[in-house]
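A.B. asks: 3D, please:
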Amino acid sequence: MSDWNDPNMLGAIFGSSIGVVGAIIGVWGACLGAFAPKGRHRGAMIASGYGFAALGALIAVAGLVLLLSDAVLVLWLGLLQSGLLITVLMLVLIKVAKGRYAQAEERILSAEALRRE
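C.D. replies: Okay, here's the model as predicted:
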């Protein structure tokens, strides 16, 4: 059984867990940078962005639950901060992604109009 009062163990578990989530979101951002200028995979990228925002909200809710249950500071603070950060960051990035996809669609439509002339 784990000792939930050991700050080194908690830091290792939560730090690596949030690090993995951050790495996955980084890969999402790289894919967005590759796909958005070409106008590809819009639905999948926006939907997965909302999925990551929901994941961040769930992490923040878990932090709030731990806060209200008088858990150790290391438990709830890391979850609450990282959950809020992930949620806000993903919502901002989704807005940016929608703008990039709109620009790509505009470029595609203007290129088609030039071909017709």
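
A.B. asks: C-alpha only now, for contacts and for neighbours.
C.D. replies: Noted.

A.B. asks: look at Ser82 and report its pLDDT.
C.D. replies: In this prediction, Ser82 carries a pLDDT score of 90.

A.B. asks: what of Asp3?
C.D. replies: At Asp3 the predicted local distance difference test score is 65.

A.B. asks: cool, and Arg116?
C.D. replies: 84.

A.B. asks: what about it, neighbour count?
C.D. replies: Other residues near Arg116 come to 7 when the count uses other CA atoms under 10 Å.

A.B. asks: repeat for Phe52
C.D. replies: Counted with other CA under 10 Å, Phe52 comes out at 21.

A.B. asks: does the residue nearest to it when sequence neighbours are not counted belong to a helix, a strand or coil?
C.D. replies: What sits nearest to Phe52 in space, not counting adjacent residues and going by CA to CA, 6 or more residues apart in numbering, is Met90, at 6.8 Å. For Met90, the secondary-structure state derived from DSSP: H, G, I helix; E, B strand; the rest coil is helix.

A.B. asks: right, and Met90 touches Gly49 too?
C.D. replies: Yes - contact status for Met90 versus Gly49: in contact at 6.2 Å, counting by CA atoms under 8 Å.
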